[in-house]
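# Everything below, folded, please.
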Amino acid sequence: MTADGPALSRGINVFVHLAHDKDADRWRAARAAGSLVGINDETPYGYGRAEHMGCAVTFSQAKPEGPFARLVRLGLRAVTGFDLVHAWHNRAAMRAADVVWTHTESQFLGVAAVVGRAGPAVIGQSVWLFDRWKSLNLLHRALFRRLIRRVDVLTTLSPDNAAIARAAFPDKRVEFIPFGIPSEGRLAPVPRPGTPIRVLALGNDRHRDWPTLVAAARGHADLEVLICSGTVDRRLVRDVPNVTIGRLSTNADLAAELSRATVMCVPLTTNHHASGITVVEEAILMGLPVVATDVGGLRGYFGDDEVRYVHVGDATALREAIRATAAGPAAAAIMAVRAQTHLLSERLDAEGYVRHHVDLSRDLLAKPSSARRLHRSTDKPQTAPRN
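So this is what the prediction gives:
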């Protein structure tokens, strides 16, 4: 057995560093109350599932803060581009781990800034960073390059962003890890006939293309569109009576709208980070056919057999795609079945997402360069699971 063997055989101590507002205790409480809207795992993004994959998982904790401390933390985040204060408060738990997982660049850059080269292995997941890499100012780009050198592997949720990351960091290992949500409570797709065509559109991501969706519906009474978003400009729908802006406060609200809808529409502007993938997966798991903009690397998840795609910014094509989907309820249900089958067979769910992290961690920690980390942690007691 190699020097790494005992540490790997006793399991991996994983520290999951998440955003300040994604504290695991708050997440669990919100989910139990039904106010964490969406198909969500008991633990943030399902990372706690690594426990049954042979890992001991500890989550970052948000330190209570008053108005002044919050102002300092957010001010420093605005200046640096990442949450340094939150990472600093969790540094002891990070350094006690074998590997640190992160969810966005705000977390992995903070981790890289505080753990140092002798610390744990770090999986640095990016969501938006490489979308805007070329537009960063010189100081931020230089700082981020320095910090990324301390990260063992960069991961992205989109094959498009992975390509950008590889070009920017040719000497750095980059992996595309498909994001996934819990699939256990899925519903079988069924035909959804009826008029008007009820179009549901969800999401707060900065790349939702609400103007194109509104333009597609304007003057077409056969479409009844409900947009549930906190980022949509309400002025868009002032003179469009068949488009409503709503709000989903609970999961019961979401379930009701999903059951009423004919089709889920995910309109997007140009991006590289698979914007909309969570909503696409939620619709598929609830048996709803999906019309989406062909952008951001969504085809890295689903192809033309599973999702009906349209070009960016084409309101006419979007309207006709919605109508074509609704015009054949049986065919739309078959498309939804194919999408759901593909999601499950390719493990594009929370189980598969976390499994990718576990496998990648084992691979990193088995390499000779990580022997110091494993040797350091072999003699300490195993971290007690805390979700």
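# can you pull the buried residues of stretch 123-141?
Residues of stretch 123-141 classed as buried by neighbour count (16 or more other CB atoms under 10 Å): 123, 124, 125, 126, 127, 128, 129, 130, 131, 133, 140. (Glycine included, C-beta is placed from N, CA and C.)
# how about these, which pair is most distant?
123 and 140 (21.7 Å; CB to CB).
# just to revisit the earlier point, ok, of the buried residues of stretch 123-141, which one's closest to residue 255?
For these, the closest approach to residue 255 (CB to CB) belongs to residue 127, at 26.9 Å.
# and the residue nearest to that closest one when sequence neighbours are not counted, how many neighbours does it have?
What sits nearest to residue 127 in space, not counting adjacent residues and going by CB to CB, 6 or more residues apart in numbering, is residue 104, at 4.7 Å. A count of nearby residues for residue 104, using other CB atoms under 10 Å, gives 19.
# quick one: residue 104 from residue 89, how far?
Here residue 104 is placed at a distance of 17 Å from residue 89 (CB to CB, to the nearest Å).
# One more: residue 335?
Shown here: residue 335 relative to residue 89, a distance of 47 Å by CB to CB.
# cool, residue 238 as well?
45 Å.
# These two: which is more packed in?
Each of residue 238 and residue 89 has its neighbours counted (other CB under 10 Å); residue 89 has more, 18 against 9.
# pLDDT at the closest residue to that one other than its chain neighbours, what is it?
Excluding its sequence neighbours, the residue lying closest to residue 89 (CB to CB, 6+ apart) is residue 63, at 4.5 Å. If you check residue 63, the pLDDT there is 94.
# Can you report how many residues lie near residue 63?
Counted by other CB under 10 Å, the residues lying close to residue 63 total 14.
# The chain should start at 21 in everything you say after this.
Taking 21 as the first residue, the last one we looked at is residue 83.
# In three-state terms, label it for me.
State at residue 83, reduced to three classes by DSSP: H, G, I helix; E, B strand; the rest coil: coil.
# Need phi/psi at it.
Residue 83 adopts backbone torsions of phi -70, psi 130, taken as degrees, to the nearest 10.
# In contact with residue 247, which residues?
Listed by CB atoms under 8 Å, 6 or more residues apart in numbering, the contact set of residue 247 reads 221, 222, 230, 233, 257, 263, 264, 265, 266.
# if we can go back for a sec, pretty sure the residue nearest to residue 147 contacts residue 144?
No. The criterion here is CB atoms under 8 Å, and residue 124 misses it with residue 144 at 9.5 Å.
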